[in-house]
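Visitor: Just need the structure, nothing else, for what follows:
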Amino acid sequence: MNSPKYATLQKVRNEKRTYAITPRIPGGFISPEILTKFAEVAEKYSGTLKITSGQRIAILGLKEDDVNKAWDDLGLEPAVLSPYSVKNVEICPAAFCKRAKQNSLKLGMKIEKEFYGTKAPNRTKIGVAGCKNACGSMNAKDIGVIADKPGYIVVVGGSAGFYPRLPDIIAEELDEDDAFTMVKAIMKYYNETAEFGEKLGPFIDRIGFQKFKEDVTSLFEKAKS
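Guide: From the prediction side, this is the model:
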């Protein structure tokens, strides 16, 4: 039995199936109007609201027949378009935080707009943080952009899943434009070189980080020239 589109099957209890939907919330910022809409839809279809670790709000416990209706009522995009795409980009509230070394919020939203939903060999997580505290677990993302006083640090291959992996630092002391260009170069190389279904971390381990860094840096330099 196929699940409704953009919905996750939950535990089957007494042969009854319920589903969860998770809309896209860029950067985790949500207007009062949209927040109210979440509440109205959850109440209408007897769902339960859950704040996720990915800066989103899920509606749990929906009946199969109500999934498409709930999406229509919300009028929002799903957080994940495909298992082989970039999820919504996680962003810390740097512009509002006293610890921020750069106002990374602008860069984060630019990356979110550029890469949300784009194809990838496997589901890809990107995160942007305004300081080395890296709120949002940026070191556990496939691509993390972390601000410091000298500039942005870009890390790759992090994971906190079944096979935890610390990220590798591919570049440091980048300005905002160069950090964005570096993320583009990483995504381009990953899409063109990795095998289908291969996560970024295992891909780096397979070819070796030095080769990965050299090849991505070459693309980065070409894009700048």
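
Visitor: How is this structure partitioned into domains?
Guide: 8-74, 90-224 (automatic domain parsing).

Visitor: Give me the helix or strand of this structure that scores worst on average pLDDT.
Guide: Here the helix or strand of the chain ranked lowest by mean pLDDT, DSSP states H and E is strand 8-9, holding a mean of 91.

Visitor: Sort out which residues of stretch 122-139 are buried, please.
Guide: Buried residues in stretch 122-139, counted by 16 or more other CB atoms under 10 Å: 122, 124-131, 134-139. Placement of C-beta: from N, CA and C, glycine included.

Visitor: quick one: which of these is nearest residue 184?
Guide: residue 126 (11.3 Å; CB to CB).

Visitor: and that closest one, what are its bridge partners?
Guide: residue 143 (DSSP bridges).

Visitor: Most widely separated two among the buried residues of stretch 122-139?
Guide: Farthest pair in these, by CB to CB: 122 and 131, 28.7 Å.

Visitor: re earlier: elements contacting the least confident helix or strand of the chain?
Guide: Packing partners of strand 8-9 (3 or more CB pairs under 8 Å, 6 or more residues apart in numbering; DSSP states H and E): strand 18-21.

Visitor: chain center to the strand it packs on: distance?
Guide: Here the centre of strand 18-21 is set off from its chain's centre by 20 Å, with CA atoms, centre = their mean, to the nearest Å.

Visitor: Tell me the pLDDT of residue 27.
Guide: As predicted, residue 27 sits at a pLDDT of 90.

Visitor: Determine how far the last residue of stretch 148-166 lies from the first.
Guide: The first and final residues of stretch 148-166 sit 19 Å from each other (CA to CA, to the nearest Å).

Visitor: and residue 107, what does it touch?
Guide: 128, 145, 152, 176, 179-180 (CB atoms under 8 Å, 6 or more residues apart in numbering).

Visitor: Any idea how far apart the tips of stretch 98-105 sit?
Guide: 13 Å.

Visitor: which residues are contacting it?
Guide: Outside stretch 98-105, the residues touching it (CB under 8 Å, 6+ apart) are 27, 91-95, 128-133, 145, 147-149, 151-152, 176.

Visitor: Okay, buried residues for stretch 112-125 please.
Guide: Within stretch 112-125, judged by 16+ other CB under 10 Å, the buried ones are 112, 115-117, 120-122, 124-125.

Visitor: List the contacts of residue 70.
Guide: If you count contacts by CB under 8 Å, 6+ apart, then residue 70 has 21, 41, 44-45, 47, 59, 62 around it.

Visitor: Report the distance from the least confident helix or strand of the chain to the chain centre.
Guide: For strand 8-9, the distance to the chain centre is 19 Å (CA atoms, centre = their mean).

Visitor: Need the three-state assignment for residue 191.
Guide: Following DSSP: H, G, I helix; E, B strand; the rest coil, the label given to residue 191 is helix.

Visitor: Count the neighbours of it for me.
Guide: 13 (other CB atoms under 10 Å).

Visitor: Can you read off the pLDDT for it?
Guide: Residue 191 is given a pLDDT of 98.

Visitor: and the gap between residue 35 and residue 42?
Guide: Here the criterion is CB to CB, to the nearest Å. By it, residue 35 lies 11 Å from residue 42.

Visitor: correction: residue 172
Guide: 44 Å.

Visitor: what about the residue lying closest to residue 40 once chain neighbours are set aside, which helix or strand?
Guide: Closest residue to residue 40 apart from its sequence neighbours, by CB to CB, 6 or more residues apart in numbering: residue 73 at 7.6 Å. Per DSSP states H and E: residue 73 is located in helix 64-74.
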